[in-house]
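**Student:** need a structure here:
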Amino acid sequence: MKYFIKRDVCADFGAFEIYDETGIEKYLAEFSKSKRSRKIIIHSANEIYVKIRCLQMSNIIACNIKAGGKRMRILMGANHDELVCMCSGVNWKIGGNVAQKCFSIQDVDNTVIAVQKRTFSSTESYELDVYSQSNELLSISAAVCINMLNTVDNPVRQAV
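**Tutor:** You can find the predicted model right below:
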């Protein structure tokens, strides 16, 4: 299934709109921030599907994801001259250029679960191809967590 993730720059609370391939909004990811953490809720008009809690520790962000009865954690941080993402709770690895938001999510046996790439538009938007329907919500959640990172041209100076 193909999704399009678009940053909603007009929202006061911070959000990503997630559309299916027909252009219909399927999910909305809304951010709220407290002193210690950032919370993200992915929902539709009448149902909450995912809850994410992100904690920043030094130059590492840990995102704890609860989606459809499944749990996972993504650790994101700078390592030498690149951004690195590691998953726990699932046997996934995230590869590609995370700083440019072009990456793939693969299972431990190298089966591709999802691939994200930038779309050519005037707004910040991404195309996410999810190849594993059973992991749809976790794939979208991982993409939202990575897309919320503030990226700069020099990954060493990354403000995660």
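**Student:** give me the residues contacting the helix or strand encompassing residue 38.
**Tutor:** For residue 38, the element it lies in under DSSP states H and E is strand 37-43. The contact list for strand 37-43 (Cβ atoms under 8 Å, 6 or more residues apart in numbering) reads 18, 27-33, 48-56, 67, 137, 140-141, 144-145, 148. All C-beta spots, glycine's among them, are computed from the backbone N, C-alpha and C.
**Student:** please indicate which of those are buried?
**Tutor:** By neighbour count, with 16 or more other Cβ atoms under 10 Å, those hold 18, 27-29, 31, 49-50, 52-54, 67, 137, 140-141, 144-145, 148 as buried.
**Student:** may I have the beta-bridge partners of residue 56?
**Tutor:** Beta bridges link residue 56 to residue 61, judged by DSSP bridges.
**Student:** where's the closest residue to residue 95 other than its chain neighbours, which helix or strand?
**Tutor:** In space, residue 95 comes closest to residue 104 once its chain neighbours are excluded; the distance is 5.5 Å by Cβ to Cβ, 6 or more residues apart in numbering. If you go by DSSP H and E, residue 104 is part of strand 102-107.
**Student:** can you list the buried residues in the helix or strand that residue 87 is a member of?
**Tutor:** Per DSSP H and E, residue 87 falls inside strand 82-88. For strand 82-88, burial by neighbour count (16+ other Cβ under 10 Å) applies to 83, 85, 87.
**Student:** so how far is the next helix or strand after that strand from its chain's centroid?
**Tutor:** Counting by DSSP H and E, the element after strand 82-88 in chain order, helix or strand, is strand 92-97. Per Cα atoms, centre = their mean, to the nearest Å, the displacement of strand 92-97 from the mean C-alpha position of its chain is 12 Å.
**Student:** min pLDDT across the buried residues of strand 82-88, which one?
**Tutor:** Minimum pLDDT for the buried residues of strand 82-88 is recorded at residue 83 (85).
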